[in-house]
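Return a 3D structure for these sequence lines:
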Amino acid sequence: MSTEPADGTPRNPYRINAPADILSLVPHTLGFEPRESLVLMALCGGRLGATLRLDLPPGPGAKAGANAAYAAAACRFMAADTEADGVLLALYTDRTWKDPAHPPYRPLVRRLGKDLAAAGIPLQDGWLVGPDTWRDYFCTQPDCCPWPGAPRSQIADSMLNTELVYRGSAFAASLERAVGESFPLQWPNKGEVADNRARFGEQVGAHWCERDQFHRTLELWGNCFAGGVLDTGAEPYAEDAFEPFAGSRNPLHRDPECAGFLLASLSDRGIRDALLVLTAAGQAAAVYGAEANGLVRRQVHPVVLPGSADRGAAASGVVPLLPRPRRQSKAAADFRSILVGRGGAPDWSLLDRAYAVFSDLVPAADEDAKAALLSLLAWMEWARGRGSRAHVHLQHALEACPGYRLALLLRELLGTGILPDWTGSRDGSWPGTADGWPETPMNRC
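So this is what the prediction gives:
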């Protein structure tokens with residue numbers, strides 16, 4: 001099951017006056033136009049709360065057991081929003097609807113309605129959006145809801161969609177396009193980056209996890225994340241795609257040596273896995289956890305750094321002391337817990353900055369480094385609760401480097417349908433980037 005909670009904790013409310021307004025909000029919230037999807041929106045005292053998108057089950061029908069498991073998973077997520085007192089449904093499908101009394105996926109929706117009612121968040125209303133028309137899912141009266149439905153153009157012409165577009169909101173035509181548009185165009189200095197990546201890969205070899213090398217490499221990654229000046233959630237360096245040198249806000253565009261070094265470091269599993277922890281919990285958790293898990297070895301070879309980082313070695317090369325034995329055990333457990341989505345919520349500001357840096361490096365990477373970056377991005381999307389985007393990243397990672405181990409492991413994890421612990425909490429889940437919390441006074445049909 002692939003899930004897609006919507007972006008955000010909006011603050012400025014938009015007024016919703018009709019069902020077309022709600023349906024126009026969905027793609028703006030998700031960032032793309034859903035296809036063959038079930039979208040659930042929590043109602044919280046007249047406002048919209050958590051939003052969940054699920055891939056519809058494949059095939060013409062599903063067994064009762066499959067419907068029960070699907071409905072239970074959806075209900076668990078919606079019930080995690082403790083402020084919810086009801087749920088709205090939008091079903092997007094190209095499947096033909098021949099009879100008002102027998103809409104597509106009726107057994108599944110019935111089961112979902114029962115589970116939501118039992119959880120105290122009853123299904124209040126719902127609509128089906130087809131290729132050309134949309135219609136109330138539950139209304140069987142043609143005089144109330146004319147058959148076969150209203151044209152989809154009504155959604156695009158709604159008052160709320162007009163306001164959202166006026167305020168600068170936009171969405172991609174598909175999930176695949178939404179993920180693809182997060183990457184900048186090719187780097188004009190990609191050749192220089194590749195030369196430096198090869199040079200550092202040869203110089204460091206298999207010694208990335210020697211203690212000083214490990215610390216200084218993670219420190220350089222951390223400095224790169226801290227130096228980003230993007231607003232969280234913004235399209236990564238989009239305005240720099242055409243002029244990566246003149247006035248670029250990304251220092252890596254002007255430093256192919258450092259970019260090559262960072263890409264080379266991704267060849268090491270210890271560095272790559274520690275980066276996941278660094279992006280979620282900071283450098284101390286990554287360093288202590290990696291050492292406590294035995295990923296770091298005694299320093300034997302000289303430390304290798306790009307020139308720009310080496311010039312600051314005297315000022316920033318302090319290596320923290322190892323924690324005491326009891327703390328070592330906790331550091332090791334915390335390191336492993338973060339990787340599988342257990343424990344407290346990530347530092348979202350840090351994770352979003354790291355996401356932008358990883359995204360920006362993807363077009364400059366070779367096959368192995370690209371698979372590493374895409375796997376890291378997949379984990380970060382999963383941490384955000386956006387499983388659908390994570391699946392797309394993993395697909396591209398395996399296309400870049402078939403059999404890439406981390407991508408296969410993450411695909412198996414996502415295949416269970418499990419979301420990280422923090423996604424079930426309004427306070428702990430990713431805050432996203434939306435800027436409006438809709439109010440929803442409306443009638444059933």
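
quick one, strands of the chain?
Here the chain has its strands, by DSSP state E, at 37-44, 47-55, 86-92, 123-129, 133-136, 150-151.

rank those by mean pLDDT and give me the bottom one.
Here those differ in mean pLDDT, and the lowest is strand 47-55 at a mean of 86.

Distance from the chain centre to stretch 292-311, please.
31 Å (CA atoms, centre = their mean, to the nearest Å).

could the strands of the chain be laid out in JSON lines, adding mean neighbour count?
For every residue, glycine as well, the C-beta is placed using N, CA and C. What follows is the strands of the chain, written out as JSON lines (neighbours: other CB atoms under 10 Å):
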{"stretch": "strand 37-44", "mean neighbour count": "23"}
{"stretch": "strand 47-55", "mean neighbour count": "22"}
{"stretch": "strand 86-92", "mean neighbour count": "23"}
{"stretch": "strand 123-129", "mean neighbour count": "22"}
{"stretch": "strand 133-136", "mean neighbour count": "20"}
{"stretch": "strand 150-151", "mean neighbour count": "14"}
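
Figure out which of those strands is closest to residue 286.
Smallest distance to residue 286 across those (CB to CB): 30.0 Å, for strand 47-55.

got a markdown table for the strands of the chain, with distance to residue 369 too?
Listed next are the strands of the chain as a markdown table, based on distance: least, CB to CB, whole Å:
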| stretch | distance to residue 369 |
| --- | --- |
| strand 37-44 | 33 |
| strand 47-55 | 30 |
| strand 86-92 | 36 |
| strand 123-129 | 40 |
| strand 133-136 | 44 |
| strand 150-151 | 47 |
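
Residue 360: which of those strands is closest?
Of the strands of the chain, nearest to residue 360 by CB to CB is strand 47-55, at 26.5 Å.

ok, back up a step: for residue 415, find the nearest of the strands of the chain.
Nearest of the strands of the chain to residue 415, taken as CB to CB: strand 47-55 at 12.1 Å.

tell me what the closest one is packed against?
Packing partners of strand 47-55 (3 or more CB pairs under 8 Å, 6 or more residues apart in numbering; DSSP states H and E): helix 19-30, strand 37-44, helix 64-79.

What strands flank the second one, and is each parallel or antiparallel?
As defined by DSSP bridges, the strand partners of strand 37-44 come to strand 47-55 (antiparallel), strand 86-92 (antiparallel).

got the helices and strands packed on strand 47-55 as a markdown table, with distance to residue 193 columns?
Shown next, in a markdown table, are the helices and strands packed on strand 47-55 (distance: least, CB to CB, whole Å):
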| stretch | distance to residue 193 |
| --- | --- |
| helix 19-30 | 33 |
| strand 37-44 | 38 |
| helix 64-79 | 41 |
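
Lowest average confidence across these, which one?
Among the helices and strands packed on strand 47-55, helix 64-79 scores lowest, with a mean of 87.

and the strands paired with strand 37-44 as JSON lines, adding distance to residue 429?
Below are the strands paired with strand 37-44 laid out as JSON lines (distance: least, CB to CB, whole Å):
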{"stretch": "strand 47-55", "distance to residue 429": "8"}
{"stretch": "strand 86-92", "distance to residue 429": "17"}
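
Out of these, which is closest to residue 428?
With CB to CB, the closest approach to residue 428 among the strands paired with strand 37-44 belongs to strand 47-55: 12.3 Å.

quick one: the closest one to helix 64-79, angle?
Using axes from the mean of the first three to the mean of the last three CA atoms, to 10 degrees, the inter-axis angle of strand 47-55 relative to helix 64-79 is 150 degrees.
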